[in-house]
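Enquirer: Sequence and computational prediction follow.
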Amino acid sequence: MDLKLEDKLYWSRFLGGIIMGFLTELFKLYKPTILLGILVAALAYIISAIILRAIVPLNVREKLGRKLYISGAGTYAIMWLITLILCFNLFEAT
């Protein structure tokens, strides 16, 4: 199966959302307020976009345009939230 770069970006952000949701629960980043967890998750997304911008060649960046930054953003946020809720219910609400 040969994935295009845009597909790889999407699925890496899917997995990134799951990992950040788990880490948010693991380190209890929702205490004292969930805003800390949201901030850390958003910061991780921004840092990943900056790293991608540095790694991806200029011609590919120009071809992708804004998709380099926004492809999979909604999926990242939804997977972060779903994973956080699942992990919280599995580990905390016993």
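Expert: Thanks, I have the structure now. Numbering: from 1, shown residues only.
Enquirer: Surely Glu6 and Arg66 touch.
Expert: No - applying C-beta atoms under 8 Å as the test, Glu6 and Arg66 come out as separate, 11.5 Å apart. (C-beta placed from N, C-alpha, C; glycine too.)
Enquirer: who's more crowded, those two?
Expert: Just comparing Glu6 and Arg66: by other C-beta atoms under 10 Å the higher neighbour count belongs to Glu6, 14 against 7.
Enquirer: and the gap between that one and Thr33?
Expert: Per C-beta to C-beta, to the nearest Å, Glu6 is found 35 Å from Thr33.
Enquirer: now swap in Ala41 and tell me
Expert: According to C-beta to C-beta, Ala41 stands 14 Å off from Thr33.
Enquirer: repeat for Ala73
Expert: Note on Ala73: its distance to Thr33, by C-beta to C-beta, is 23 Å.
Enquirer: again, but for Ile19
Expert: 22 Å.
Enquirer: Between these two, which is the more surrounded one?
Expert: When Ile19 and Thr33 are compared for neighbours, Ile19 comes out ahead with 14 against 10, by other C-beta under 10 Å.
Enquirer: which SS class is the more buried one?
Expert: What DSSP: H, G, I helix; E, B strand; the rest coil gives for Ile19 is helix.
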